[in-house]
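Visitor: I would like the atomic coordinates for the input below:
(chains A and B)
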Protein chains: 2
Amino acid sequence: MNATPASNTRILLASRPTGEPTLDNFQIETVSMPTPGAGEVLLRAIYLSLDPYMRGRMNDAKSYAAPVELGTVMEGGTVAEVVESNDPNLTPGDFVLSHLGWQAYGVQPGKHLRKLDPTQAPISTAVGVLGMPGFTAYAGLLEIGKPKEGETVAVAAATGPVGSAVGQIARIKGARVIGIAGGPEKVDYLNELGFDAALDHRSPTFDEDLKAASPDGIDVYFENVGGAVWDAVRPRLNTYARVPVCGLVSHYNDTGLPEGPDRSAQLMSAILTKSITVRGFIQNEFVSAHYKNFQRDVSGWIRDDNFRYREDIVDGLENAPEAFFGMLKGRNFGKLLIQVGPDPTR
Amino acid sequence: MNATPASNTRILLASRPTGEPTLDNFQIETVSMPTPGAGEVLLRAIYLSLDPYMRGRMNDAKSYAAPVELGTVMEGGTVAEVVESNDPNLTPGDFVLSHLGWQAYGVQPGKHLRKLDPTQAPISTAVGVLGMPGFTAYAGLLEIGKPKEGETVAVAAATGPVGSAVGQIARIKGARVIGIAGGPEKVDYLNELGFDAALDHRSPTFDEDLKAASPDGIDVYFENVGGAVWDAVRPRLNTYARVPVCGLVSHYNDTGLPEGPDRSAQLMSAILTKSITVRGFIQNEFVSAHYKNFQRDVSGWIRDDNFRYREDIVDGLENAPEAFFGMLKGRNFGKLLIQVGPDPTR
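Guide: This next block holds a predicted model:
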């Protein structure tokens, strides 16, 4: 291991974007290394998780969490190594799930950290398939989507960390799975995951493809994208369909309301006439009741070779903004991580 | 009792409306009296229930039920008297809940009829507060809305048979109730029902009135109207709010999609960021599990003088179309019934 440097690199939110974020919205700076106080630990970031929810945090409006203040470090989940510890339960060299945000080092109270066991699973999975994105899929699909054996489940962004988990859990639960992604390479991967149908939403025949892939309609649509995919799925929904809504990434850069006609009444009418449930959620709601089962089930499925995950690792904290922009456009392929520093376990 | 006439009067669906229905869409005709076959009974209609769902049945598109065929009798729930019976369980003079539609007499299989006891409740309530509209309120509010004590429940069309039941059940369950209706006379009635706030959606200050009436936001919005009321309620919804959707009467005469901007993504975004549940339903779904409890609870509350209902009775089958048009515009005040023939119990 290298010696700890004298300074820390971090990326701040410099201004709020209008529409698509740009490099101007971020500011990279070098500051002196922070010092841990009583009960605190100094952490070195290894992996920074980039997730679509971060786009919402850049806005001034309160969403389900407060916005990032201008001039402060962009927030984000991290896998980090303990460098110095004033917490008796943590020792230098320990790996922890933490929330350092977009920076190379940081100080956090030891009690906010969850220790990771690198012999159980690769530490990067703590912000991916065995972390927040995986749990979002597990809780939303099973608690809201409630797929029954033989029912049809559709999911978009299906090669992403949430979508690929949704599809695989649905498959394991005996549902018929329609995975939707952008481009032939991703579609190939959906077929490898054993989905019953793998569709390219960029195809000019997407609407007809979806119809052909759902001869009995769609019972669960796990919504993480919005836009054109949702428009195509809606008429295929069956009576009593369930729509867990965990994201709308295609709308995060919207600057105002889209042009008309206004289809909100049409949406309500579909909900009414088909007795549809549309339910927004944030995974926190389900943590206390279901997190343990999630960890047990998904790690078991991975061990049994019944569940796969894919990581898209971009090297260097300074590349986080560009990687983030690409993710909002679906350019990543798998769980997007920034390799902030070396991973001694690989 | 008068002798049964030799002919029957009935109102057919003559053509499908575009937008608002007109008299041209209906045809009144006189035909010979039908004769009951084996197991059937001849019925004389006393009350015909007029309900917003009938507007959907006039369209060609399948909604949650098949459309009324052109040239056939408009459908509808009725309270009727048995005139002739080939069913051993029914005797002339019995009163039954039936589905004769818009006609003075009709034949139905005895096994499809529910006998009414006029000593227990006025027979008209079988198509109102103790029938489908009352049960829609009961099941939708308690099974989907799930109001907790101290939560705020808002309901529109709150003097109507569904809305007034929703508000009163919510009040009995300990919720804070905001009733919304059109015009000062209806608002006075909402105050009589003991609601915590009674708002006129026609008031130019409606948005501010709603805000003032919901200092802690809105936890349950029972949706039976749509349109401007829903637009005003949406920003007031709390995290984890529930929106049972049983009707959208303000949209039933829409001929196409309203002008833009398109607010459907904004609606999905509100559902996402506030973890809102929007759930369409038709009362049938809940009949087997909850109908008995509904009858027991609501009739008990009425007996205890803790629950009121109001009927708006229009005399004469020939006036059904005009009364129906008025209902779609909120002109009725209470449960709208057509007095098709005399009620021997009043």
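Visitor: what about the nearest residue to A:Ser269 once chain neighbours are set aside, how many neighbours?
Guide: Once flanking residues are discounted, A:Ser269 sits nearest to B:Leu248: 5.9 Å by Cβ to Cβ, 6 or more residues apart in numbering or on different chains. Yep, even glycine has a C-beta here, placed from its N, CA and C like the rest. Close neighbours of B:Leu248, defined as other Cβ atoms under 10 Å in any protein chain shown, add up to 23.
Visitor: Quick check: phi and psi on B:Leu248?
Guide: Reported as degrees, to the nearest 10, the phi and psi values for B:Leu248 are phi -140, psi 50.
Visitor: That one reaches A:Ala270, doesn't it?
Guide: No: using Cβ atoms under 8 Å as the test, B:Leu248 is too far from A:Ala270 to be in contact (10.6 Å).
Visitor: rewinding a little: quick one: contacts for the residue nearest to A:Ser269?
Guide: Neighbouring residues of B:Leu248 by Cβ atoms under 8 Å, 6 or more residues apart in numbering or on different chains: A:Ala265, A:Met268, A:Ser269, A:Leu272, B:Glu223, B:Asn224, B:Val225, B:Gly226, B:Gly227.
Visitor: Can you say which of the residues you listed are buried?
Guide: The neighbour count (16 or more other Cβ atoms under 10 Å in any protein chain shown) marks A:Ala265, A:Met268, A:Ser269, A:Leu272, B:Glu223, B:Asn224, B:Val225, B:Gly226, B:Gly227 as buried among the contacts of B:Leu248.
Visitor: Just send those residues back as a markdown table, with pLDDT, secondary structure and distance to A:Ser164 too.
Guide: Listed next are these as a markdown table, based on pLDDT from 0 to 100; DSSP: H, G, I helix; E, B strand; the rest coil; distance: Cβ to Cβ, whole Å:
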| residue | pLDDT | secondary structure | distance to A:Ser164 |
| --- | --- | --- | --- |
| A:Ala265 | 91 | helix | 34 |
| A:Met268 | 95 | helix | 31 |
| A:Ser269 | 94 | helix | 33 |
| A:Leu272 | 95 | helix | 33 |
| B:Glu223 | 96 | strand | 35 |
| B:Asn224 | 95 | coil | 40 |
| B:Val225 | 92 | coil | 41 |
| B:Gly226 | 92 | coil | 37 |
| B:Gly227 | 90 | helix | 40 |
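Visitor: quick one: which of the residues you listed is nearest A:Gly71?
Guide: Relative to A:Gly71, the closest of those is A:Met268; by Cβ to Cβ it sits at 41.3 Å.
Visitor: who touches that closest one in this structure?
Guide: B:Glu223, B:Gly226, B:Trp230, B:Val245, B:Leu248, B:His251, B:Leu267, B:Val278.
Visitor: farthest-separated two in these?
Guide: Maximum pairwise distance among these (Cβ to Cβ): 15.2 Å, between B:His251 and B:Val278.
Visitor: ok, the two, which is more surrounded?
Guide: For B:His251 versus B:Val278, neighbours defined as other Cβ under 10 Å are more numerous around B:Val278 (28 against 18).
Visitor: Please identify the helix or strand for that one.
Guide: Secondary structure assignment for B:Val278, by DSSP states H and E: strand B:277-280.
Visitor: Now do the residue lying closest to A:Leu142 once chain neighbours are set aside against B:Pro92, distance only.
Guide: Nearest non-adjacent residue to A:Leu142, counting by Cβ to Cβ, 6+ apart: A:Ile169, 7.1 Å away. Per Cβ to Cβ, to the nearest Å, A:Ile169 is found 61 Å from B:Pro92.
Visitor: When the two are compared, which one has more neighbours?
Guide: Neighbour count, other Cβ under 10 Å: between A:Ile169 and B:Pro92, A:Ile169 has more, with 27 against 14.
Visitor: so the more buried one makes contact with A:Leu141?
Guide: Yes: under the criterion of Cβ under 8 Å, A:Ile169 makes contact with A:Leu141 at 5.4 Å.
Visitor: sorry, back to before: contacts made by the helix or strand following the strand holding B:Val278 with the rest, please.
Guide: Using DSSP H and E, the next helix or strand after strand B:277-280 towards the C-terminus is helix B:287-303. Outside of helix B:287-303, the residues within contact range by Cβ under 8 Å, 6+ apart are B:120-121, B:129-130, B:134-135, B:138-139, B:142-143, B:165, B:168-169, B:172, B:307-309.
Visitor: Of these, keep whichever come out buried.
Guide: Among these, the ones that count as buried by 16+ other Cβ under 10 Å are B:121, B:129-130, B:134-135, B:138-139, B:142, B:165, B:168-169, B:172, B:307-309.
Visitor: which residues touch A:Leu336?
Guide: Neighbours of A:Leu336 in contact, by Cβ under 8 Å, 6+ apart: A:Ser49, A:Leu50, A:Asp51, A:Asp312, A:Val314, A:Ala323, A:Met327.
Visitor: would you say it is within a strand?
Guide: Yes: under DSSP: H, G, I helix; E, B strand; the rest coil, A:Leu336 falls within a strand.
Visitor: which residue sits closest to it, ignoring its sequence neighbours?
Guide: Among residues not flanking A:Leu336 along the chain, A:Leu50 sits closest, at 4.6 Å (Cβ to Cβ, 6+ apart).
Visitor: got a list of what the nearest residue to A:Glu192 once chain neighbours are set aside touches?
Guide: Sequence neighbours aside, A:Arg308 is the residue nearest to A:Glu192 in space, at 7.6 Å (criterion: Cβ to Cβ, 6+ apart). Residues counted as contacts of A:Arg308 (Cβ under 8 Å, 6+ apart) are A:Ser164, A:Gln168, A:Glu192, A:Leu193, A:Ile302.
Visitor: which of those has the most neighbours?
Guide: A:Ser164 (30 neighbours).
Visitor: Could you point out the helix or strand that follows the helix or strand in which A:Ala198 is found?
Guide: In the assignment (DSSP H and E), A:Ala198 maps to strand A:197-200. Per DSSP H and E, the first helix or strand lying C-terminal to strand A:197-200 is helix A:206-213.
Visitor: hmm, who's touching that next one?
Guide: Identification of contacts with helix A:206-213 by Cβ under 8 Å, 6+ apart yields A:Ala154, A:Ile178, A:Ile180, A:Asp196, A:Ala197, A:Leu199, A:Asp200, A:Ser203, A:Ala228, A:Ala232, A:Val233, A:Arg236.
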